[in-house]
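In: Sequence first, then the predicted structure, then my questions.
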Amino acid sequence: MSKPRRLAPMVKAIVVRESGSAVEEVGEEFLDGDGGLVVDVKFSDLNYKDAMALTGRPGVVRKHPLVAGIDLVGIVAESDDERFVPGDWVMLNGAGLSETEHGGYATRARISSEYAVALPEGLTPEQAAALGTAGYTAALAVLRILSENIMPDDGPVLVTGATGGVGSTAAQLLANAGYVVYGTTGRAEELGDFLRSIGVDEVIDRSTLEEPGKPLQKALYSAVVDSVGGVTLANAIAQTRKDGVVAACGLAGSHELPATVMPFILRGVTLAGIDSVWASLDDRADAWRILARGLDLDKLDSMTTRVDLDGLHAAAEELMAGQRHGRTLVTI
């Protein structure tokens, strides 16, 4: 008699369908695709884009059904890539996860190895997952500022949305590198002490940047890390000093940019877009290197809260309502 065929294990995942998203158990065959790595996922995190997908906002998930989660950290189970062998810790951020490819909110994932990186030395799997795309995007933005030769003596750096994942990480990296950091928040009284504890020198109420202003304003900042977009970004550009750089890496406020060319042609300001989804392996490695070396990991741990898959929808609603700050680690 032939041996009975081994049944594939069930995968617990948050699946986004046209009708909404929910925790489901699906067969491993659900994880279709030609990915070169099969990963037993151990950790992910909660980013703004994740919260949008889980709460039914448009603009993230581009096909249905799809496993949510733009980040994952896990252990290689199967590999077609000579860079990885079973048992290795691996991570993937962006690269189409939760947009066109199944993401990290699942006990198992089948992913392409093209943009996957080994767990960076100096970070635990939990820390790397807690940082996730937000931390890695912040690092890319800081690297772009450094590439433009903006030094601490050139003046303060503005970080918008400073209590968010990108903003709080960027603020820490900049402060630890010796920059004077100004950070905006809508909850200055409530979270001002938190921002100062991570290195923000001056806490600014975000409302001061939310109303349309002049195309050229008082030149205050040598550089900007912006995750808000819209009028906030336009005002930040207008307040950037000569030859300064504005790293735009988010649109939590708006995808529009109601600005003029005047700061660019009269002050030589550079508007630099930060693409964290399809960044090269070299850029990913550089970003993770400065995260491992440039952060106070005790502070990261202290500002990280944990949820599991079953508690993730409630956490996403809180994030969209502005009721979460710091980092949210998802245990799979």
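Out: Everything's here; your move.
In: Name the nearest residue to residue 125, sequence neighbours excluded.
Out: Nearest residue to residue 125 in three dimensions, chain neighbours excluded: residue 73, at 5.1 Å (CB to CB, 6 or more residues apart in numbering). Bear in mind the C-beta positions are built from the backbone N, C-alpha and C, glycine included.
In: List the contacts of that neighbour.
Out: Neighbour list for residue 73: 41, 42, 43, 44, 89, 90, 91, 104, 119, 125, 128, 129 [criterion: CB atoms under 8 Å, 6 or more residues apart in numbering].
In: again with residue 89
Out: The contact partners of residue 89, by CB under 8 Å, 6+ apart, come to 73, 74, 75, 76, 118, 119, 125.
In: Run a quick neighbour tally on the third one.
Out: For residue 75, the neighbour count with other CB atoms under 10 Å is 15.
In: looking at the contacts of residue 89, which has the most residues close by?
Out: Busiest of those [other CB under 10 Å] is residue 73, holding 30 neighbours.
In: who's that one bridged to?
Out: Taking DSSP bridges as the rule, residue 73 bridges to residue 43, residue 91.
In: per-residue pLDDT, the closest residue to residue 152 other than its chain neighbours?
Out: The shortest distance from residue 152 to any non-neighbouring residue, by CB to CB, 6+ apart, is to residue 178 (4.2 Å). Note on residue 178: pLDDT of 97.
In: surely residue 178 meets residue 156?
Out: No. Using CB atoms under 8 Å, residue 178 makes no contact with residue 156, being 11.6 Å away.
In: If you count surrounding residues, which of these two has more?
Out: Just comparing residue 178 and residue 156: by other CB under 10 Å the higher neighbour count belongs to residue 156, 19 against 9.
In: How many residues are close by the closest residue to the more buried one other than its chain neighbours?
Out: Leaving aside its chain neighbours, residue 156 sits nearest to residue 180 (4.1 Å; criterion: CB to CB, 6+ apart). By other CB under 10 Å, 18 other residues sit near residue 180.
In: dump the residue contacts of residue 180.
Out: Taking CB under 8 Å, 6+ apart, one finds 152, 155, 156, 157, 201, 202 in contact with residue 180.
In: Buried among those? Need that as a selection in ChimeraX.
Out: Of the contacts of residue 180, the buried ones can be selected in ChimeraX as follows, counting by 16 or more other CB atoms under 10 Å:
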select :155,156,157
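In: Inside strands: which ones of the contacts of residue 180?
Out: Using DSSP state E, the subset of the contacts of residue 180 located in strands is 157, 202.
In: can you tell me which of the contacts of residue 180 lies nearest to residue 23?
Out: Nearest to residue 23 among the contacts of residue 180 is residue 157, at 40.3 Å by CB to CB.
In: hey, what's the closest one bridged with?
Out: Beta-bridge pairing of residue 157 under DSSP bridges involves residue 181, residue 223.
In: one step back: give me the three-state assignment for the residue nearest to residue 152.
Out: Classification of residue 178 by DSSP: H, G, I helix; E, B strand; the rest coil places it in coil.
In: any idea how far residue 199 is from it?
Out: Distance of residue 178 to residue 199, computed by CB to CB, to the nearest Å: 10 Å.
In: Nearest residue to the residue positioned nearest the centre of the chain in space, please, no chain neighbours.
Out: Among the residues of the chain, the one closest to the centroid is residue 134, at 1.8 Å (CA atoms, centre = their mean). Once flanking residues are discounted, residue 134 sits nearest to residue 165: 2.9 Å by CB to CB, 6+ apart.
In: any idea where the helices of the stretch 151-300 of the chain begin and end?
Out: With DSSP state H, counting those that start in this stretch as the criterion, the stretch 151-300 of the chain has helices at 165-176, 188-197, 230-238, 262-266, 281-294, 297-302.
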